[in-house]
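Engineer: Show me the folded form of this:
(one chain, ligands or ions: 1)
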Amino acid sequence: MNPDPNRRRVLLAAAAWLLASGARAATRLEPTPAQSAGPFYPTEPPLEDDQDLTRVRGGLGVAQGRITDLSGRLLDRDGRPISATRIEIWQCDATGRYHHPLDRGGARDPNFQGFGHTVTDAAGRYSFRTIRPVPYPGRTPHIHIAVFPQGERPFITQLYVRDEPRNAGDFLFDRIPPERRPLVLADFIPVQRDGVELAANFDLILEVTPRG
Ligand SMILES: [Fe+2]
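Structural biologist: Just a heads-up that it's a prediction; the model follows:
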């Protein structure tokens, strides 16, 4: 019996559609794992909160530590840019101290801002100038990140340094399932840039409610 050519065409088209939609689903980006904000989110607005954490207005110099350009994109799971969205980072200074009253460690680096914010551009890009994070007692180096997508709850996570030996055994890093840990790791790569020692690229992938 000869198969009906029309029926065959329909079946082929259906198979092609199924394959294509399967491929689309498979290429959805994995969302960045969320992490707790920790105890050192600023309790009062800092005097300065621009995207360059390595200089403080009126300060005498540049922050201690390895100056790093941190940049990346804010995307939804389909890879679409999330523009005009506030991103904040905060971290301790090169001596391991946060700008926070609860952190009563040693002397603070007066030239490190400790906290900064920016807003993503039309392509979802963001950038900060900061320092490579350093360890402090009980924690591997990390940078705290908060994202404030319009109409959504804030998204909070922490960025870690790839190949940093202290990651293994860090109590918060360990909470992320091993297969998802690459999603919070960035390479800190040496660069030849005036006054900048390292560059790190880190894309943030958010699960956001589709807008119609
Ligand atoms: Fe921290």
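Engineer: any chance you could map the strands in the chain?
Structural biologist: 67-76, 86-90, 115-119, 125-131, 142-148, 155-161, 185-186, 188-193, 196-201, 204-206 (DSSP state E).
Engineer: right, and these - which one's nearest G38?
Structural biologist: strand 142-148 (6.3 Å; CB to CB). All C-beta atoms are positioned from the backbone trio N, CA, C, and that covers glycine.
Engineer: Now do the buried residues in the closest one.
Structural biologist: Within strand 142-148, the residues that count as buried by 16 or more other CB atoms under 10 Å are 142-147.
Engineer: need the helix or strand of the protein with the lowest average pLDDT.
Structural biologist: Least confident helix or strand, the chain: helix 5-26 with a mean of 71, by mean pLDDT, DSSP states H and E.
Engineer: For H99, find the nearest of the strands of the chain.
Structural biologist: Nearest to H99 among those is strand 115-119 (6.4 Å), distances taken as CB to CB.
Engineer: Okay, buried residues for that closest one please.
Structural biologist: Buried, per 16+ other CB under 10 Å, within strand 115-119: 115-118.
Engineer: got it, and stretch 77-94?
Structural biologist: Buried, per 16+ other CB under 10 Å, within stretch 77-94: 81-82, 85, 87-94.
Engineer: Next: stretch 41-48.
Structural biologist: Buried, per 16+ other CB under 10 Å, within stretch 41-48: E48.
Engineer: in this protein, which segments are predicted with low confidence?
Structural biologist: 1-3, 18-26, 210-212 (pLDDT under 70).
Engineer: if you set the cut-off to 80 instead, what comes out?
Structural biologist: 1-26, 45, 47, 59, 104-106, 210-212 (pLDDT under 80).
Engineer: Quick check, central residue of it?
Structural biologist: With distances taken as CA atoms, centre = their mean, the residue of the chain nearest its centroid is L204 (5.0 Å).
Engineer: what sits against that residue?
Structural biologist: 32, 72-75, 87, 145, 147, 155, 157 (CB atoms under 8 Å, 6 or more residues apart in numbering).
Engineer: L159 too?
Structural biologist: L159 makes contacts with 70, 133, 142-143, 145, 184-186, 200, 202, as judged by CB under 8 Å, 6+ apart.
Engineer: again with P133
Structural biologist: Under the criterion of CB under 8 Å, 6+ apart, the contact list for P133 reads 91-92, 141-143, 159, 161.
Engineer: ok, 7 Å please
Structural biologist: 91, 141-143, 161 (CB atoms under 7 Å, 6 or more residues apart in numbering).
Engineer: Turn those residues into TSV, columns for distance to N6.
Structural biologist: Shown next, in TSV, are those (distance: CB to CB, whole Å):
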residue	distance to N6
Q91	64
P141	64
H142	60
I143	60
V161	60
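Engineer: How far away from the center of its chain is stretch 195-212?
Structural biologist: A distance of 5 Å separates the centroid of the chain from that of stretch 195-212, by CA atoms, centre = their mean, to the nearest Å.
Engineer: same deal with stretch 118-129?
Structural biologist: On CA atoms, centre = their mean, the centre of stretch 118-129 falls 11 Å from that of its chain.
Engineer: May I have it exported as PDB, CA atoms only?
Structural biologist: Output of stretch 118-129 as PDB, limited to C-alpha atoms (Å, rounded to 0.1, in the frame of the first residue of the first chain):
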ATOM      1  CA  THR A 118      24.800  50.400  37.900                       C
ATOM      2  CA  VAL A 119      21.900  50.100  35.400                       C
ATOM      3  CA  THR A 120      22.000  47.700  32.400                       C
ATOM      4  CA  ASP A 121      22.100  49.200  28.900                       C
ATOM      5  CA  ALA A 122      19.900  48.200  25.900                       C
ATOM      6  CA  ALA A 123      21.900  45.100  25.400                       C
ATOM      7  CA  GLY A 124      21.600  44.100  29.000                       C
ATOM      8  CA  ARG A 125      25.200  44.900  29.700                       C
ATOM      9  CA  TYR A 126      26.600  46.100  33.000                       C
ATOM     10  CA  SER A 127      30.100  46.900  34.300                       C
ATOM     11  CA  PHE A 128      31.900  47.600  37.600                       C
ATOM     12  CA  ARG A 129      35.400  48.500  38.500                       C
END
